[in-house]
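Engineer: Sharing a model prediction with you, sequence too.
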Amino acid sequence: MSELAGQRSSPGAPAPRTGEATGGVAPPSSGATAPAPSGRRDRGRRRLVTAVLAVALLAALAAVPLFVDPFGTNTISRILVFALFATSLDLLVGITGLPSLGHAAYFGIGAYAAGLVALHWTSEGVVAVLVAAAAGATAAVATGWLAVRSGGVFFLMLTLAIGELVHQLAQSLSSVTGGSNGLFGIPSVRVAGTPLTLPGYVYWFVLVVALLGAAGLWLVASSPFGAVLRGIRDNEPRMRSLGYSPFRYKYAAFAIAGAFAGLAGGLFALVVRIVNPADAGFTTSALFLLAVVLGGAGTLWGPALGAAVVVLVRDTFGPTLDGHGPLLLGLVFVVAVYVLPRGVAGLGGLLRGRNREVPS
């Protein structure tokens, strides 16, 4: 009788699910399944491997000028610059869900701001890149108020119009920007009053600033603010019903992305020492939007790899192909879309497998 009484269900108790044991062991009262120790060990090992790889990558990047010739060092400097730019674009595209065709406008504004500061005020590197970031943020605040009120194709067209407007202004204001000849004669970057004339020293300056910029973007994306941005990207009406203001969050993300794009533009001006209107045009925006897709939108580090591919194919391999560099880059993108629909970053998920323990 006691066994029958123990097996009798109360009127409001849920029926046991198929495949569960109905013996005398009761489930935990919290209703959550504790992760298995093996799962915790696997996560710990993955974090350790990630940390080791990150330290190894930083050491390799820091040692580049010691083992690479000046031309290669300058090329890797530009890769770092455009990796930061692509990462700032990923904050809009992959994290917030706002694909932009005019993000190069803020890159170009930052580049011109840094170049003008270096020419007419001071070539101190820290001052130039801070002014560039402030210029990019100011331009993004001024234009984003209108742009983020739209979505979809309308947002694409508005950002395209903003980019073309900045491009035309850079060409027409020749007394300030140099017009179609570009802003040239930018002096060597200085740090604490010392000019960095060797490519290795310039590279180390770019590396430090790019790493700080990437760390700032990572903090934004991994914060509760970034979680809200992902929620808006996935289901904006639901986030609005929960009390969030999608316009405010998207506007803030637009301004932050513009600031980091301006920072990348300032680095570009100090590395290349010439700024052209094309750097703020549609071609640059579209090229690095494709780099975000190639690397894996929403991962931050994936677009950095995509930017490296773009710079290497366009600037390193392209000149050796009798002007067919854009054709090769187009073929790379086509193959990547079919072979890697989630980008290069999606390979990590394939290597880890899809069978993971998910707590109920």
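Structural biologist: Okay, I see it.
Engineer: so where's the stretch 201-350 of the chain shaky on pLDDT?
Structural biologist: Scanning the stretch 201-350 of the chain for pLDDT under 70 picks out the ranges 323, 341, 345-350.
Engineer: Pick out the residue nearest the middle of the chain.
Structural biologist: In the chain, the residue lying closest to the centroid (C-alpha atoms, centre = their mean) is residue 87, at 1.6 Å.
Engineer: can I get the CA coordinates of the helix or strand harbouring residue 307 in PDB?
Structural biologist: Using DSSP states H and E, residue 307 sits in helix 301-311. Coordinates of each C-alpha in helix 301-311 appear next as PDB, following Å, rounded to 0.1, in the frame of the first residue of the first chain:
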ATOM      1  CA  TRP A 301      37.400  38.700 -34.600                       C
ATOM      2  CA  GLY A 302      36.100  37.100 -37.800                       C
ATOM      3  CA  PRO A 303      35.800  40.500 -39.700                       C
ATOM      4  CA  ALA A 304      39.400  41.200 -38.700                       C
ATOM      5  CA  LEU A 305      40.400  38.100 -40.600                       C
ATOM      6  CA  GLY A 306      38.200  39.200 -43.500                       C
ATOM      7  CA  ALA A 307      40.000  42.600 -43.600                       C
ATOM      8  CA  ALA A 308      43.300  40.800 -43.700                       C
ATOM      9  CA  VAL A 309      42.200  38.800 -46.700                       C
ATOM     10  CA  VAL A 310      41.000  42.000 -48.400                       C
ATOM     11  CA  VAL A 311      44.200  43.900 -47.900                       C
END
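Engineer: list the helices and strands that helix packs on?
Structural biologist: In terms of contacts (3 or more C-beta pairs under 8 Å, 6 or more residues apart in numbering; DSSP states H and E), helix 301-311 is packed against helix 70-90, helix 282-295. For the C-beta atoms, the positions are set from N, CA and C on the backbone; glycine is no exception.
Engineer: Among the ones you listed, which comes closest to residue 112?
Structural biologist: Checking the helices and strands packed on helix 301-311 against residue 112 by C-beta to C-beta gives helix 282-295 as the closest, at 13.6 Å.
Engineer: ok, and for that closest one, which residues are buried?
Structural biologist: For helix 282-295, burial by neighbour count (16 or more other C-beta atoms under 10 Å) applies to 282, 284-295.
Engineer: Any idea how many residues pack against the closest residue to residue 252 other than its chain neighbours?
Structural biologist: The spatial neighbour of residue 252 that comes closest, neighbours along the chain excluded (C-beta to C-beta, 6 or more residues apart in numbering), is residue 225 at 7.5 Å. Residue 225 is flanked by 15 other residues according to other C-beta atoms under 10 Å.
Engineer: so which helix or strand takes in residue 225?
Structural biologist: Short version, using DSSP H and E: residue 225 is in helix 224-234.
Engineer: Was I right to think residue 228 contacts residue 239?
Structural biologist: Yes - with contact defined as C-beta atoms under 8 Å, residue 228 reaches residue 239; the gap is 6.9 Å.
Engineer: tell me the angle of the helix holding residue 307 relative to helix 282-295?
Structural biologist: Angle, helix 301-311 to helix 282-295, by axes from the mean of the first three to the mean of the last three C-alpha atoms, to 10 degrees: 130 degrees.
Engineer: Between helix 301-311 and whichever helix or strand comes after helix 301-311, find me the angle.
Structural biologist: Under the assignment DSSP H and E, the closest C-terminal helix or strand after helix 301-311 is helix 325-339. Here the directions of helix 325-339 and helix 301-311 differ by 150 degrees (the same axes, to 10 degrees).
Engineer: contact partners of helix 325-339?
Structural biologist: Contacts with helix 325-339, where a contact means C-beta atoms under 8 Å, 6 or more residues apart in numbering, come from 290, 293-294, 309-310, 313-314, 317-319, 321, 343-344.
Engineer: what would the residues you listed look like in a markdown table with distance to residue 197?
Structural biologist: Output for the contacts of helix 325-339, formatted as a markdown table (distance: C-beta to C-beta, whole Å):
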| residue | distance to residue 197 |
| --- | --- |
| 290 | 35 |
| 293 | 38 |
| 294 | 35 |
| 309 | 30 |
| 310 | 28 |
| 313 | 30 |
| 314 | 27 |
| 317 | 28 |
| 318 | 28 |
| 319 | 25 |
| 321 | 32 |
| 343 | 38 |
| 344 | 36 |
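Engineer: Which of those residues ranks first by neighbour count?
Structural biologist: Neighbour max across these (other C-beta under 10 Å) = residue 294, 27 neighbours.
Engineer: just to revisit the earlier point, correct me, but the residue nearest to residue 252 touches residue 250?
Structural biologist: No - under the criterion of C-beta under 8 Å, residue 225 is not in contact with residue 250, lying 11.5 Å apart.
Engineer: the helices in the stretch 151-300 of the chain, which residues?
Structural biologist: 153-172, 174-177, 199-222, 224-234, 236-241, 246-272, 282-295 (DSSP state H, counting those that start in this stretch).
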